[in-house]
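**Q** Give me a model of this one.
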Amino acid sequence: MASQQSSSQPDTTDVLRNATFTRSDVGAPSPDSAVTASDLLLGAYDPTKLHPMAGIEDKLDYLLLEDDKTSDLPGSGTAIPSRGWSDDLCYGTGTMYLSGLALGGLWGLREGSRKQLAVTNSRLRINAILNSVTRRGTFVGNSAGVLALVYNGINSSIDGIRGQHDLVGSMAAGALTGALYKSTAGVRPALVAATFMSGMAGVWSYVKRAV
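**A** You can find the predicted model right below:
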């Protein structure tokens, strides 16, 4: 019985020998248009065309970000362009902080080099200079950064309330900043600081417009 069933089934070897296979070339690129390694090496084919977004160009409008748009507040067109209060707050505070570190470092260098030591020693002299630079640099840098932070915040608030940026608003912001900074030292130091900061803010605002 088993021999009759095995003889009735076709032999797999005969099936494979008599089978034929065909390949469909529909949609397949022709060999002549295919990109080869020599085309890439010789520069005959533009590699930018391989990018998924190649050829889109200006069709995607949402990718055109307005990062370069400056502030449209009246009077804000000065020699230093700004995109708003955030630019003034970040760049102004950072610039003043770094400038304060540099000036305080020079002050500490001068103070440390002229400091009288009990024993004349190069290591002690270097140590005294480094201590003075660290103490004066951080003090002046932190003070300048805080003043710039408060000034830019008050100045932006005044400009937003008044709807314009001018010399009067800058001087008022400087006066409020100086008075607030020295408010704990008494009335007279607060007035002196307010006058000084107001004058510096006026000079800075005039220079930005004149340049």
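**Q** Break this protein into its domains for me.
**A** 84-149, 166-211 (automatic domain parsing).
**Q** TSV for these, including distance to T20 and mean pLDDT?
**A** For glycine as for every other residue, the C-beta is placed from the backbone atoms N, C-alpha and C. Shown next, in TSV, are these (distance: least, C-beta to C-beta, whole Å; pLDDT from 0 to 100):
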stretch	distance to T20	mean pLDDT
domain 84-149	73	86
domain 166-211	85	87
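**Q** Export these as a markdown table, with columns for distance to D14 and mean neighbour count.
**A** Shown next, in a markdown table, are those (distance: least, C-beta to C-beta, whole Å; neighbours: other C-beta atoms under 10 Å):
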| stretch | distance to D14 | mean neighbour count |
| --- | --- | --- |
| domain 84-149 | 82 | 16 |
| domain 166-211 | 95 | 17 |
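**Q** With respect to G160, which of these lies nearest?
**A** Proximity to G160 (C-beta to C-beta) singles out domain 84-149 among the domains of the chain, at 7.6 Å.
**Q** Helix or strand: which one has T20?
**A** Under DSSP states H and E, no helix or strand contains T20.
**Q** whoops, I mixed them up, N155
**A** helix 122-162.
**Q** Give me the next element, helix or strand, following that helix.
**A** Downstream of helix 122-162 (by DSSP H and E), the next one is helix 167-181.
**Q** got the angle between the very next helix or strand once past that next one and helix 122-162?
**A** For helix 167-181, the following helix or strand on the C-terminal side (DSSP H and E) is helix 187-210. Angle, helix 187-210 to helix 122-162, by axes from the mean of the first three to the mean of the last three C-alpha atoms, to 10 degrees: 80 degrees.
**Q** From the contact counts, what lies against helix 187-210?
**A** helix 122-162, helix 167-181 (3 or more C-beta pairs under 8 Å, 6 or more residues apart in numbering; DSSP states H and E).
**Q** Take these and lay them out in TSV including distance to A201.
**A** Below are those laid out as TSV (distance: least, C-beta to C-beta, whole Å):
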stretch	distance to A201
helix 122-162	7
helix 167-181	3
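**Q** The helix holding N155 - contacts with which helices or strands?
**A** Using 3+ C-beta pairs under 8 Å, 6+ apart: helix 122-162 touches helix 85-114, helix 167-181, helix 187-210.
**Q** wait, which of those is closest to R135?
**A** R135 lies closest to helix 85-114 among the helices and strands packed on helix 122-162, at 6.2 Å (C-beta to C-beta).
**Q** Determine the set of other helices and strands touching that closest one.
**A** Using 3+ C-beta pairs under 8 Å, 6+ apart as the contact test, the elements touching helix 85-114 are helix 122-162.
**Q** hang on, A194 packs against L176?
**A** Yes: taking contacts as C-beta atoms under 8 Å, A194 lies within contact range of L176: 7.4 Å.
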